[in-house]
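# what follows is a predicted structure for the sequence shown.
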Amino acid sequence: MSLPVALLAPSSGWTISADVIVIGSGVAGLTTALRVRAQGRSVLLVTKATVDEGSTRWAQGGIAAALADDDSPEEHLRDTLEAGGGLCNEEAVRILVTEGPDAVRELIAWGARFDTDPTGSISLTREGGHHRNRIAHAGGDATGAEVSRALVAAVSADPGIEIVENALVLDLLKDHGGVAVGVTLHVIGPGRRDGVGAALAPVVVLATGGFGQVFGQTTNPYVSTGDGVALALRAGAAVADLEFVQFHPTVMWLGPLAQGQQPLVSEAVRGEGAVLVDDAGERFMLGEHPMADLAPRDVVAKAIRRRMRVTGDAHMWLDGRQLGADMWVHRFPTILASCRLRGIDPVTDLIPVAPAQHYASGGVMTDLDGRSTIPGLYACGEVACSGVHGANRLASNSLLEGLVFGRRIADAIENDQPERRVIAQSDMHDARNTSGSVVANTIRRSLQQRMDIDAGVLRSAESLVEARTWIDEVLSNQEFRGSPRTEDWEATNVITVARVLVEHAWLREETRGSHWREDHPDAEESWRVRLVTTMDHNGVLRTERQAPEWIPGRVST
Ligand SMILES: Cc1cc2nc3c(=O)[nH]c(=O)nc-3n(C[C@H](O)[C@H](O)[C@H](O)COP(=O)(O)OP(=O)(O)OC[C@H]3O[C@@H](n4cnc5c(N)ncnc54)[C@H](O)[C@@H]3O)c2cc1C
């Protein structure tokens, strides 16, 4: 079996250039763009849909930061490390929690408006795994929409940031020394930049978000197809922790045939007092964990799955009736509307919920300043694996990660002072300088269903081997005919990510964080390591183990 090593043969279409290319317009990409601009560099911000599309605008709960008088970065650090199941990089977490409060203040200075209490201070709530009230929210449960609105407005007002929408980035371009010099991309007009072209810059920042669309049921939007992780693999960069996929415990259950993005019922609803019950009305989280319904996500997702097995039901129930109409209307207007749209009134009814894919803790491996293992290529936000999440992300730490590490990437660029070069076409080639190979989109639905069943919340060696065999057969038998479309390129990325995820999940013979192996139900000390994968020129994977404190590129002393 070998994976596709390039999406396109090298092309000589149009080119655009800038000091820095940022790919993606979620919290990570927009923050990076604004901070890079503040240092006087020009930015080309490319995004495959419209500028406000991505997971960011769907975020409900909020942003975690030690802003309260009774809280401290040290306590936020403790909660994050506990959720991470022994696999966080403590240095990275320390950066996240200590630089987090300032990053949130900067977001406010850029125009984001958070909910406040009667004294005018930011209202802070609690979510699973947090021992303090430290989640800042906006519009009740519309935090992501407000973050996206404020950042898009700030970026759009800056003439030094050129935004190109409907531009699907395909592969990395490198020079003969292996240094990133730009990307190939496919733009859907209008104007002179239509079709395939190249964007050139000495710095390329991947901020392409997660890979929820690898699974059939996910809270992620349709753009979350793992493009950044697949691009990085094809370019030869290291990716890590892909087996640690967070399944959100309370995703509204819409029936066994529901596919694609599913409506989320934020953890903050449990933070305000809602509880999980089974069909008989029993509160099954009591006795499962000292924090009961507010235990870390993996604990709650597993408890729900176990209860579903015992009772034979397809879902559990979330009881938020005790919150009262006023709380639902003012604190959770988005979730209330989403429930009512589906004929459920949470003021008087129980909400059917079941776990679904939600967040990718792993991704493109970076150092503490967002540098990948390829010079000139950076990664930030959900696409990155900076080490802050370990085996399981603590709730509301991901918007914060995009803010904090976007700032650090800009500082690293300022420090490194990369120079713009004139690069001849002959001195530039795509990731593998080879003909492209693409997998047709017709496989996507079957792949997603397989991933739900074989590599979802509960996994075993047997199920993972089945998934791997199926993927390898698809890859061996693919012969793409005609011109690829966006969906085919995306499907190629989806299957690439799925293949590495399955490999990691199969290798990791233990249960830790969000990785649950039926045949290895306990955490093993020998597995307190991270799995790091690279792909060679022939599309063959190589996976090695690294200590959680390992940082790529750092010379150990
Ligand atoms: C329903 C939901 C609720 C959530 N709630 C919270 C919460 O309360 N708190 C919290 O901290 N986190 C939450 N999260 C997680 C959080 O929203 C994401 O982790 C975070 O927004 C990711 O930001 P990002 O900038 O990395 O990626 P995204 O916001 O996903 O943006 C990715 C961008 O990359 C673009 N892109 C992708 N591939 C390509 C390509 N090939 N070429 C060009 N452009 C590309 C996309 O179009 C998009 O613009 C939630 C997620 C979801 C889905």
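That came through, no problem.
# where's whatever residue of the stretch 201-350 of the chain ends up closest to the ligand, which helix or strand?
The minimum distance from the stretch 201-350 of the chain to the ligand, using CB to the nearest ligand atom, falls at residue 209 (2.5 Å). (C-beta placed from N, C-alpha, C; glycine too.) For residue 209, there is no enclosing helix or strand under DSSP states H and E.
# wait, what's in contact with it?
24, 26, 28, 54-56, 220, 223-224, 228, 381-383 (CB atoms under 8 Å, 6 or more residues apart in numbering).
# same question for residue 258.
Contacts for residue 258 (CB under 8 Å, 6+ apart) come out as residue 217.
# SS state for it?
coil (DSSP: H, G, I helix; E, B strand; the rest coil).
# residue 186 too?
strand.
# looking at this protein, which helix or strand is least sure?
strand 428-430 (a mean of 60; mean pLDDT, DSSP states H and E).
# for this structure, which spans come out with low pLDDT?
9-12, 424-436, 555-557 (pLDDT under 70).
# quick check: chain neighbours aside, which residue is closest to the residue of the stretch 201-350 of the chain closest to the ligand?
Sequence neighbours aside, residue 382 is the residue nearest to residue 209 in space, at 4.9 Å (criterion: CB to CB, 6 or more residues apart in numbering).
# now do the phi/psi pair for the residue of the stretch 201-350 of the chain closest to the ligand.
Torsion angles at residue 209 (phi, psi; degrees, to the nearest 10) stand at phi 80, psi -160.
# and it, how far from residue 495?
18 Å (CB to CB, to the nearest Å).
# likewise residue 408?
32 Å.
# do the same with residue 43
For residue 43 relative to residue 495 (CB to CB), the value is 32 Å.
# what about these two, which has more around it?
Using other CB atoms under 10 Å as the criterion, residue 43 and residue 495 rank with residue 43 on top: 26 against 23.
# what residues of the longest helix along the chain count as buried?
Counting residues, the longest helix found in the chain (DSSP state H) is helix 486-507. Neighbour-count burial for helix 486-507 flags 488-506 (criterion: 16 or more other CB atoms under 10 Å).
# hmm, who's touching the helix or strand that that helix is followed by?
Of the helices and strands lying after helix 486-507 in sequence (DSSP H and E), the nearest is strand 516-517. Outside strand 516-517, the residues that touch it by CB under 8 Å, 6+ apart are 298, 302, 457-461, 505, 508-511.
# okay, these in a markdown table with distance to the ligand next?
Putting the contacts of strand 516-517 into a markdown table (distance: CB to the nearest ligand atom, whole Å) gives the following:
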| residue | distance to the ligand |
| --- | --- |
| 298 | 16 |
| 302 | 20 |
| 457 | 17 |
| 458 | 22 |
| 459 | 22 |
| 460 | 27 |
| 461 | 30 |
| 505 | 21 |
| 508 | 23 |
| 509 | 28 |
| 510 | 25 |
| 511 | 24 |
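# okay if I get those as JSON lines plus distance to residue 545?
Formatted as JSON lines, these follow (distance: CB to CB, whole Å):
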{"residue": "298", "distance to residue 545": "21"}
{"residue": "302", "distance to residue 545": "25"}
{"residue": "457", "distance to residue 545": "24"}
{"residue": "458", "distance to residue 545": "24"}
{"residue": "459", "distance to residue 545": "19"}
{"residue": "460", "distance to residue 545": "21"}
{"residue": "461", "distance to residue 545": "18"}
{"residue": "505", "distance to residue 545": "15"}
{"residue": "508", "distance to residue 545": "10"}
{"residue": "509", "distance to residue 545": "12"}
{"residue": "510", "distance to residue 545": "13"}
{"residue": "511", "distance to residue 545": "17"}
